[in-house]
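Participant: Sequence first, then the predicted structure:
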Amino acid sequence: MATVYEEQAKVFKAFCDETRLRILQLLRSGEKCACVLQEQLNLRQSGLSYHMKILVESGVVESRKEGKWTYYTISEKGSEYAATLLKRLTTPKAIAKGNKCCKTKPSNDNFKAEKHIEII
């Protein structure tokens, strides 16, 4: 069973590669067949599959099969989740609720108590 942090890391893994960013740029104009992505990115089928697997597992990209080809599109729901997640994780002075023990710990222990903090 994946932890929350493992699931969140999948989202950011999707954005940390130049090829995957290029794929996302191409998908911004709409759904694309794998054959089009292969041609425009000059990738072999195995290379494209590797990157598309990561993008689909992140939830940022959706896929559908039609005949022998797979078509990809940016997921609106996944895109919103990624934006919200980035905002939540990078919001300074997040409000801790429901656990007063975090307020009494020294600041260097805050990361250990992170599982008690609900970021809103």
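Facilitator: Happy to help now that I have it.
Participant: Just give me the neighbour total for L37.
Facilitator: Neighbourhood size, L37 [other CB atoms under 10 Å]: 20. C-beta: built from backbone N, CA, C; applies to glycine.
Participant: Distance of it relative to L26?
Facilitator: 6 Å (CB to CB, to the nearest Å).
Participant: again, but for I54
Facilitator: In terms of CB to CB, I54 sits 15 Å off from L26.
Participant: who's more crowded, the two?
Facilitator: Between I54 and L26, I54 has the larger neighbour count (other CB under 10 Å), namely 20 against 16.
Participant: ok, which stretches of the protein are helices?
Facilitator: 4-15, 18-27, 34-41, 45-58, 76-89, 101-104 (DSSP state H).
Participant: right, so of those, which gets closest to E66?
Facilitator: Closest to E66 of those is helix 34-41 (CB to CB; 10.4 Å).
Participant: Okay, buried residues for that closest one please.
Facilitator: The neighbour-count check on helix 34-41 (16 or more other CB atoms under 10 Å) flags 34, 37-38 as buried.
Participant: Format these as JSON lines; extra columns: pLDDT and distance to Y50.
Facilitator: As requested, these are exported to JSON lines (pLDDT from 0 to 100; distance: CB to CB, whole Å):
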{"residue": "A34", "pLDDT": "97", "distance to Y50": "12"}
{"residue": "L37", "pLDDT": "97", "distance to Y50": "12"}
{"residue": "Q38", "pLDDT": "96", "distance to Y50": "12"}
